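A.B. asks: what shape does this take:
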Amino acid sequence: MLRNKTIVLGITGSIAAYKAAEIASQLTQAGAKVNVIMTEEAIQFISPVTFRAITGRPVVTEMFDLASEFSIEHVSLAEAADIVVVAPATANIIAKLAAGIADDMLCCTVLATKAPVVIAPAMETNMYNNPITQDNLAKLEAHDFVIIGPAMGWLASGKEGLGRLADIRDIIGNICQVLGRGGELAGRHIVVTAGGTQEPIDPVRYISNRSSGKMGYALAEGARDRGAKVTLVTAPTSLPEPVGVDVIQVGTAQEMRQAVENVTLRADALIMAAAVADYRPIKAAKDKIKKGKVGLTLELEGTPDILGTVKGNFIKVGFAAESSNLVENAKGKLKQKGLALIVANDITASDSGFGTDTNRVTIIDREGKIDSLPLLRKREVADKVLDRVAKLLPKPKSRRPNKI
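C.D. replies: Have a look, this model is predicted:
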């Protein structure tokens, strides 16, 4: 989503200005061209040299900056931008933008651009909560500016409160979501499942598997970045919730089944990346089972076949984690469950499957076409799957971008 995008990153005079270096770094590493504009006050907190080194681009610091390749042509920056991000944004810069005041290069660029604008406030709690600041933010939102945060945390005053710059992951996630508006999945509702369900034995023990949830989360973010409304039904994982995605937390296979049935009523596609436990104890113990001198025997029963039984007018995509006969087993699952696609991976490979950041998968469609992909990062695998899902969906009569 970020590759080859031109992003203007505006930095203002907040103590949080040092965090903008990490924002610029992550955007640059993702393949974006980042043009940095710093206000006079921002330079008091961090040097422009830092951003030039990170981005490999000139840094604009003055309205009449003869050293800049842009000179005073703020219009060039504004026209080239795919998105303008002001992070951190002080109360002062927010007030000037709300009033339409263009007395520095950053304000001139924001007011001159037709690209979407993202504002990430950072200031003391009382400044943020002041009715004037709130009115100014409301004015910007009324003009379709996207406001991110602020967050709770320790502030420059040494106190804890609301006003800290939003988490960098949230800022990057929102940038991706904004850039994805109007994408090929705009107006679509994609449901993704993730993680390994947990079937309780007693209050502290359960039956589960080694799924990390990484594949499902990558699919949710990928669909979001193509403009879709995304619902992620996830079993417990250690992963942070994806930005801009509706997340439903579940524990057991039965809970996941109920959640999936509820959210697919108006879905366009269900991508079942969760590793649902195949068996569960017939009866979970009310109290913790004490360790005895003899072994423990559990009586198990099968869990619901979510993908095979869920009904609706939507495309179904499944995953098959196999340790043998990869293609043969995946084809059987695709036919049995009535899938449009199945994504199979060999879990015996050390660089693919549970817990890894990479996957080597084979994608099979209902016509029997087999596409074996090389080792890819899970986000790259997600994009390959979503490419196929987008082609399978019927063309909508009208595509309306999903608002944030």
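
A.B. asks: helices of the stretch 51-200 of the chain, residue ranges please.
C.D. replies: Here the stretch 51-200 of the chain has its helices, by DSSP state H, counting those that start in this stretch, at 74-80, 91-99, 105-112, 125-129, 131-142, 168-180.

A.B. asks: to Ala21, which of those helices lies closest?
C.D. replies: helix 168-180 (10.2 Å; C-beta to C-beta). (Glycine included, C-beta is placed from N, CA and C.)

A.B. asks: quick revisit: which stretch in the helices of the stretch 51-200 of the chain has the least confidence?
C.D. replies: Lowest mean pLDDT within the helices of the stretch 51-200 of the chain: helix 74-80, at a mean of 82.

A.B. asks: identify the single longest helix in the chain, thanks.
C.D. replies: In the chain, assigned by DSSP state H, the helix with the most residues is helix 378-392.

A.B. asks: give me the neighbour count for Glu40.
C.D. replies: Glu40 has 13 neighbours, counted by other C-beta atoms under 10 Å.

A.B. asks: now do the contacts for it.
C.D. replies: By C-beta atoms under 8 Å, 6 or more residues apart in numbering, the contact list for Glu40 reads 13, 61-62, 104.

A.B. asks: mind checking pLDDT for it?
C.D. replies: Glu40 is assigned a pLDDT of 93 by the prediction.

A.B. asks: toward the C-terminus, what is the element adjacent to the helix or strand hosting Gly10?
C.D. replies: Following DSSP states H and E, one finds Gly10 within strand 6-11. Using DSSP H and E, the helix or strand that follows strand 6-11 towards the C-terminus is helix 20-29.

A.B. asks: can you list the buried residues in that next one?
C.D. replies: The neighbour-count check on helix 20-29 (16 or more other C-beta atoms under 10 Å) flags 20-21, 23-28 as buried.

A.B. asks: out of the helices of the stretch 51-200 of the chain, which comes closest to Val230?
C.D. replies: Checking the helices of the stretch 51-200 of the chain against Val230 by C-beta to C-beta gives helix 168-180 as the closest, at 9.7 Å.

A.B. asks: what is that closest one packed up against?
C.D. replies: helix 20-29, strand 83-89, strand 117-121, helix 214-224 (3 or more C-beta pairs under 8 Å, 6 or more residues apart in numbering; DSSP states H and E).

A.B. asks: where do the strands sit along the stretch 201-350 of the chain?
C.D. replies: 206-207, 229-234, 246-249, 269-272, 279-281, 300-302, 315-322, 341-346 (DSSP state E, counting those that start in this stretch).

A.B. asks: tell me the mean pLDDT over the fifth one?
C.D. replies: Per-residue pLDDT values across strand 279-281 average out to 95.

A.B. asks: neighbouring strands - and their directions - for the strand holding Gly10?
C.D. replies: strand 33-38 (parallel), strand 83-89 (parallel) (DSSP bridges).

A.B. asks: between the last one and strand 117-121, how many degrees?
C.D. replies: It stands for strand 83-89. For strand 83-89 against strand 117-121, the angle by axes from the mean of the first three to the mean of the last three C-alpha atoms, to 10 degrees is 10 degrees.

A.B. asks: just the CA atoms of strand 83-89, as CSV, please.
C.D. replies: This file holds the C-alpha atoms of strand 83-89, laid out as CSV (Å, rounded to 0.1, in the frame of the first residue of the first chain):
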residue,chain,number,x,y,z
ILE,A,83,-1.4,12.0,1.6
VAL,A,84,-0.3,14.7,4.0
VAL,A,85,0.4,13.7,7.6
VAL,A,86,1.0,16.2,10.4
ALA,A,87,2.5,14.3,13.3
PRO,A,88,2.9,15.6,15.9
ALA,A,89,0.4,18.4,15.5
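
A.B. asks: give me the residues contacting the worst-scoring helix or strand of the chain on mean pLDDT.
C.D. replies: The weakest-scoring helix or strand in the chain, judged by mean pLDDT, DSSP states H and E, is helix 74-80 (a mean of 82). With contacts defined as C-beta under 8 Å, 6+ apart, helix 74-80 is touched by 6, 8, 35, 37, 60, 63, 70, 84, 105, 108-110, 112-115.

A.B. asks: with stretch 384-398 instead?
C.D. replies: 184-185, 187-188, 190, 219, 222-223, 226, 268-269, 271, 315, 317, 340-341, 343, 363, 365, 373, 376.

A.B. asks: what about 10 Å?
C.D. replies: Residues external to stretch 384-398 that are found in contact with it (C-beta atoms under 10 Å, 6 or more residues apart in numbering): 183-188, 190, 215, 218-219, 222-223, 225-226, 228, 268-269, 271, 273, 314-315, 317, 319, 340-341, 343, 359, 361, 363, 365-366, 369, 371, 373, 376.

A.B. asks: filter the residues you listed down to the buried ones and hand me the PyMOL line.
C.D. replies: Selection command for PyMOL covering only the buried members of the contacts of stretch 384-398, criterion 16+ other C-beta under 10 Å:
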select buried, resi 183+184+185+186+187+188+190+215+218+219+222+223+225+226+228+268+269+271+273+314+315+317+319+340+341+343+359+361+363+365+373+376
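
A.B. asks: quick check: Gly13 touching Ala156?
C.D. replies: No: contact criterion C-beta atoms under 10 Å: Gly13 and Ala156 do not qualify, at 11.6 Å.

A.B. asks: which one's more surrounded, those two?
C.D. replies: It is Gly13, of Gly13 and Ala156, that has more neighbours when counted by other C-beta under 10 Å, with 18 against 13.

A.B. asks: what pLDDT does that one get?
C.D. replies: At Gly13, pLDDT is 95.

A.B. asks: residues in contact with it?
C.D. replies: 38-45, 88, 90, 92-93 are the contacts of Gly13 under C-beta under 10 Å, 6+ apart.

A.B. asks: break the protein into its domains for me.
C.D. replies: Following automatic domain parsing, one finds the domains of the chain at 6-179, 184-391.

A.B. asks: give me the distance from the first one to the chain's centre.
C.D. replies: It stands for domain 6-179. 21 Å (C-alpha atoms, centre = their mean, to the nearest Å).

A.B. asks: 32 is where my numbering starts, stick with that
C.D. replies: Let's use 32 as the start, then, which means that last one is domain 37-210.
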